[in-house]
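Visitor: the following comprises the amino acid sequence and a computationally predicted model.
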Amino acid sequence: MSLASWFRWNEPPSRISQRNPTEMVVETLMMELGWQIKQAEKQQRERENEYRKIKTGVDYGWLVSYPKPKHSYDISPGERLQLEDMCTKIHPSYCGPVLLRFRQLIAEYEPEVQEVARLFRSVLQEATEKIKEEEEAKKLARQWNTKHKTSLSLMTFKSRTRISPFSSNIKTISEDVERGTEPTRRVWSMPEFRSAKDY
């Protein structure tokens, strides 16, 4: 029996995951939520211990080992399903920024254990709104580009009618006044339109 079979060095590297990217995003975000809840519980216990020290005036922390609490906070199944559903709407490229924003808010507010899930929900809602806004902006940009292309094609189209505002045979009102004649019914402020065959 060779050692190479034990260590499996000769096997081709397997792919990291065969799962859907959406599933990975949901799992990553929910793991982060679970971890932040545990950290909030730990901080709450530490605050309670500090309060006891201040209240009693004596620190017996070195003597007493506190057992893990049996009743840790857990999210209700309905709320967990709602949060997982919201996580499915997060694009994989937004997973990192969502985690950073969530961690930033946790560090800023230091929420109680019950408030962590609400804070997580608000971060997810903020991210989904931002994703929708960006999709709408891309859609409008695509529409603008297609309209702009058609308008450019219309601009390159040359019409046969030419506008000649400074033609030499255009009569002006001042000429009529100088001659003392009545002006014709034509509006003098408008340029004269001629077809291309007149030139």
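Guide: That came through fine. Small disclaimer: the values here were computed from a predicted structure and weren't measured. Numbers count the residues shown, from 1 in each chain.
Visitor: where do the strands sit along this structure?
Guide: 161-164, 192-195 (DSSP state E).
Visitor: Ala127 versus the nearest residue to Gln82 once chain neighbours are set aside, what's the distance?
Guide: Excluding its sequence neighbours, the residue lying closest to Gln82 (C-beta to C-beta, 6 or more residues apart in numbering) is Arg121, at 7.9 Å. For glycine as for every other residue, the C-beta is placed from the backbone atoms N, C-alpha and C. Distance of Arg121 to Ala127, given as C-beta to C-beta, to the nearest Å: 11 Å.
Visitor: returning to what we had before: can you flag the weakest of the strands of the chain by average pLDDT?
Guide: Mean pLDDT values for the strands of the chain show the minimum at strand 161-164, a mean of 55.
Visitor: any low-confidence regions in this structure?
Guide: Applying pLDDT under 70 to the chain picks out residues 1-17, 60-62, 64-71, 148-199.
Visitor: if we use 90, what do you get?
Guide: Residues of the chain meeting the criterion pLDDT under 90: 1-19, 45-74, 141-199.
Visitor: mind checking the longest helix of it?
Guide: helix 113-156 (DSSP state H).
Visitor: which residues in this protein form helices?
Guide: 3-7, 21-56, 77-88, 95-109, 113-156, 173-179.
Visitor: what is the longest helix of the chain packed up against?
Guide: helix 21-56, helix 77-88, helix 95-109 (3 or more C-beta pairs under 8 Å, 6 or more residues apart in numbering; DSSP states H and E).
Visitor: pull the number of nearby residues for Leu33.
Guide: By other C-beta atoms under 10 Å, 23 other residues sit near Leu33.
Visitor: against Ser93, how distant is the residue lying closest to it once chain neighbours are set aside?
Guide: Excluding its sequence neighbours, the residue lying closest to Leu33 (C-beta to C-beta, 6+ apart) is Phe120, at 5.1 Å. Phe120 sits at a distance of 19 Å from Ser93 (criterion: C-beta to C-beta).
Visitor: settle it for me: which of these two has more neighbours?
Guide: Just comparing Phe120 and Ser93: by other C-beta under 10 Å the higher neighbour count belongs to Phe120, 25 against 10.
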